[in-house]
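S.K.: Mind folding the following:
(2 chains)
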Amino acid sequence: MTADASRGAEAPPELIQLLTPEGERVEHPDYDIDLTPEEIRGLYRDLVMVRRVDLEAVALQRQGELGLWASLLGQEAAQIGSGRALTEADMAFPTYREHGVAWCRGVDPVNLLGLFRGVNHGGWDPAEHNFHLYTIVIGSQTLHAVGYAMGIQRDGAEAASIVYFGDGATSQGDVNESFIWASVFNAPVVFFCQNNQWAISEPLEKQTRIPLYRRASGFGFPGVRVDGNDVLACLAVTRKALADARSGQGPVLIEAFTYRMGAHTTSDDPTRYRVAAELEAWKLKDPIERVRAYMFKNQFADQEFFDAVEVEADELGRDVRKRCLELPDPEPSAIFDNVYAERHSLIDAERAEFATYLEGFEA
Amino acid sequence: MSILTMAKALNEGMRKAMEDDPKVLVMGEDVGKLGGVFRVTDGLQKDFGEQRVIDTPLAESGIVGTAIGLALRGYRPVCEIQFDGFVFPAADQIITQLAKMPLRSLGKLRLPVVVRIPCGGGIGAVEHHSESPEAYFTHTAGLRVVACSNPADAYTMIQQAIRCDDPVIFFEPKRRYWEKAEVDVDSSGWPPFDEARVARQGTDLTLLAYGPMVKTCLEAAKAAEEDGRSLEVVDLRSLNPLDIARVTESVRATGRCVVVHEAPIFNGFGAEVAARVTEECFYHLEAPVLRVGGPSTPYPPSRLEDHYLPDLDRVLHAVDRAFAF
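M.R.: Next comes the predicted model:
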């Protein structure tokens, strides 16, 4: 049985777009954004850099240096646009694919690799970057973001939290509970859903019969759909949502309509469940190419700039590779570290026993 | 000294913790105006306000998940799960997030979250209101699991749990909520809350219990005394970590050991205790370590719960078996 995906949709979904795939700047009455050429160049550089890091990580996985990688290919604009909308005081809660947001928050890309290389479960200090650890269980972090936002409310702080999740996650109970919590407590949180059309092999229609952003109205807060491949629109829409949240107007759901151009992770094979033509169609909406076209047309940058960014990206790729290979394996005793914050007699005893056992091999 | 019920002792303990630290929050279903279905949080919202005593939507995963977020922002949330059988919607947040986030962060994050769970049977309740789910949580590294058995411990242990920088699953034996005892609310020279306590001294056999079964074991020990048997009762208090040193000290002295809990015996917490006692006290044991607990069945309808729950006779029956070896 195939459900009619449009049932329940009262009107065709509106997509907020400020930059067309062809690089034409378009106006939107509610979401204006005025960026200097330098700021545009900055966004372009961000997009190129994170795509380059991602490419390097995929290569590292293919060469056996990472156990797994979740590529952000195609989602750069959604992540850079929203990530650059954050102030220092805002707190971001990612899934495991938010390498672009991590970049915006100043997390060293090599620290993202530790988890995928298997040397740790998360190698950065969330408080230092206001960027939480990657969460692998789908949707769990939405509740953390809402709780954090409730803390912001109690502190009377000028800040908001933003939480990232995908289209698949919207089916999770935790995500729906987080919508309810955010709504009834009017929490300063922005729900940033990257609808990349695929939850591993399951297309959007396995998760929803209405456009995802319209779910928000049932929970009692605004929802908007933005062109997730348009970095300007993602920046503008997220900025406004964060400003609203900070000023006490409560949560917003942003559905960034985008496309996962790669596999779910390096363990996945999308040729088993989707047609190549779909990818080709989305390639025409590439998040980086449209910015490049826009910059060329408006002479925001010359060839020298683009060449310099390419060189810088390649250097970054080489540097990330080099330092990834240098990541040391942890000591065996690290198994017992940080399980508890305070002394724990069982862990202490097992750590000592294990050390004695290992010493037996050295004799 | 005050004479308090366990419910009131917990209430006073939380009140003290909230007075001592403005970051302490209480959250859960019906914990505000109603004061909780067992009235354990009675009056706290009136005195500390809705920002600190939060009536939450009816969703347990949401309670624990948002508590984690609040803890990440520097708060110390005390969550109430209304009944033992309702903790399972929160199990994912407890097991995959609460227990593991400190390790995931290489120690940079701490989650001082307390999850209070009224536990156990004996109150004539409907299904899902009488369970003893402690073994699910003792099996999860990263959590501390404790159970109070009396008002004095309830008062101190809840405060120690709130002060602890680790997540704590705090079991409260609901059928003991209304039993009164002396509580020294002024003292602060408390033993660590992960230490076991000898509740009654004896020489012939050690009864190990926690939560609701401590009182049952004390009654059994008193009855056994009339038969000329001296039973020591050790209240474990903390299940993870287990105070194995105190347990083995007692068992080595008595030579016999019976572990008692309400939960089903198979794969219950008593299995871990019995294995450890056997390993540590092998040459001191006069009999195998025996376990008393619920049958390996779901909790029965309440008209049958007296047959399901270990009572004085079931404990003494196991004591007889231990002496018969």
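S.K.: what residues does the stretch 251-363 of chain A put near chain B?
M.R.: Residues of the stretch 251-363 of chain A lying close to chain B by CB under 8 Å from any CB of the partner chain are A:337, A:338, A:339, A:340, A:341, A:342, A:344, A:345, A:346, A:347. Yep, even glycine has a C-beta here, placed from its N, CA and C like the rest.
S.K.: per-residue confidence at the second one?
M.R.: Which is residue A:338. Each residue has a pLDDT score; the one for residue A:338 is 96.
S.K.: That one: neighbour count?
M.R.: Residue A:338: 20 surrounding residues under other CB atoms under 10 Å in any protein chain shown.
S.K.: Is it part of a helix or strand, or is it coil?
M.R.: Following DSSP: H, G, I helix; E, B strand; the rest coil, residue A:338 is assigned to coil.
S.K.: quick check: mean pLDDT across stretch A:294-310?
M.R.: 96.
S.K.: contacts for that stretch?
M.R.: A:19, A:23, A:24, A:25, A:37, A:40, A:41, A:44, A:45, A:48, A:49, A:292 (CB atoms under 8 Å, 6 or more residues apart in numbering or on different chains).
S.K.: and the residue nearest to residue B:94 when sequence neighbours are not counted, what does it touch?
M.R.: Spatial nearest neighbour of residue B:94, excluding adjacent residues (CB to CB, 6 or more residues apart in numbering or on different chains): residue B:64 at 5.7 Å. Contacts for residue B:64 (CB under 8 Å, 6+ apart) come out as A:143, B:79, B:90, B:93, B:94, B:97, B:98, B:113, B:115.
S.K.: Mind checking which of those are in helices?
M.R.: residue A:143 (DSSP state H).
S.K.: out of the contacts of residue B:64, which are inside strands?
M.R.: If you go by DSSP state E, the contacts of residue B:64 have B:79, B:115 in strands.
S.K.: contacting residues around residue 88?
M.R.: You didn't pick a chain, so chain A it is. residue A:130.
S.K.: if you could check chain B rather than the one you did, that'd help
M.R.: B:60, B:133.
S.K.: Quick check: phi and psi on the residue in the stretch 101-250 of chain A that chain B sits nearest to?
M.R.: Residue nearest to chain B within the stretch 101-250 of chain A: residue A:147 (2.2 Å; CB to the nearest CB). Per-residue torsions, residue A:147: phi -60, psi -40 (degrees, to the nearest 10).
S.K.: How confident was the prediction at it?
M.R.: Looking at residue A:147, the pLDDT reads 98.
S.K.: Could you pull up the residues touching it?
M.R.: By CB under 8 Å, 6+ apart, the neighbours of residue A:147 are A:181, B:65, B:66, B:67, B:68, B:69, B:70, B:71, B:72, B:73.
S.K.: which one among those gets closest to residue A:315?
M.R.: residue B:72 (34.9 Å; CB to CB).
S.K.: The closest one reaches residue A:126, doesn't it?
M.R.: Yes: assessed by CB atoms under 8 Å, residue B:72 is found in contact with residue A:126 at 7.4 Å.
S.K.: Let me have the residues of the stretch 251-363 of chain A next to chain B in CSV, adding distance to residue A:169 as columns.
M.R.: Below are these laid out as CSV (distance: CB to CB, whole Å):
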residue, distance to residue A:169
A:337, 31
A:338, 27
A:339, 28
A:340, 30
A:341, 29
A:342, 33
A:344, 33
A:345, 39
A:346, 35
A:347, 33
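S.K.: Thanks a lot, see you next time.
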